[in-house]
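A.B. asks: Structure here, sequence nowhere to be found:
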């Protein structure tokens, strides 16, 4: 056996080691990009699924002659699982326990999302009701104060208008500075 054959067999016979080296180099180049890290894990999962399918085909038609390809595929799967584990360590994904429990119970995890959204909608409606209540209270107080103290309310409204104009001007200035 010459050194090139030895090299090929050591790589799993199908270049999987060089592909893994490429995957690792790509992973190192973008170690700080969470989206890229997640994409690499997803690609590794898909690769593992393909390897498992190949392994299934090899096992389902197993005979003595297919032992070497079976071992190569097992080694390739183990290598890719190890690669996937290393890639997954770079991903900081937090999945709520409720989602995992729903999946364990055989339910759709979208139920959790729907429940969270419905809860947010309900809380938003409560907050909106409180805000509307305070707006109505402010309006009623100003009406009552205007009847009792018309000059002071007029001064208050002028001060509010000047303050609002100043705030709008400051926001405009900040916005213009951010654009430059």
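C.D. replies: It's in. None of the values given here were measured: they were computed from a predicted structure.
A.B. asks: Residue 117 versus residue 101, what's the distance?
C.D. replies: Residue 101 is 18 Å from residue 117, where distance means CB to CB, to the nearest Å. For the C-beta atoms, the positions are set from N, CA and C on the backbone; glycine is no exception.
A.B. asks: Run through the helices of this protein in chain order.
C.D. replies: Defined through DSSP state H, the helices belonging to the chain, from first to last, are 3-10, 16-29, 34-60, 67-89, 97-104, 110-148, 150-179.
A.B. asks: Would you mind checking the average pLDDT for the third one?
C.D. replies: Confidence over helix 34-60, taken as the mean pLDDT, stands at 92.
A.B. asks: orientation of that helix relative to helix 67-89 in degrees?
C.D. replies: Orientation check (axes from the mean of the first three to the mean of the last three CA atoms, to 10 degrees): helix 34-60 against helix 67-89 gives 160 degrees.
A.B. asks: If we go by neighbour counts, what in helix 34-60 is buried?
C.D. replies: Of the residues in helix 34-60, those scored as buried under the neighbour-count criterion (16 or more other CB atoms under 10 Å) are 37-38, 40-41, 44, 47-48, 51, 54-55, 58.
A.B. asks: Which one of these is nearest to residue 109?
C.D. replies: Distances from residue 109 to the buried residues of helix 34-60, taken as CB to CB, are shortest for residue 38 (16.9 Å).
A.B. asks: and the residue lying closest to that closest one once chain neighbours are set aside, how far is that from residue 52?
C.D. replies: In this structure, residue 38 finds its nearest non-sequential neighbour in residue 91, 5.5 Å apart by CB to CB, 6 or more residues apart in numbering. If you measure residue 91 against residue 52 using CB to CB, the figure is 21 Å.
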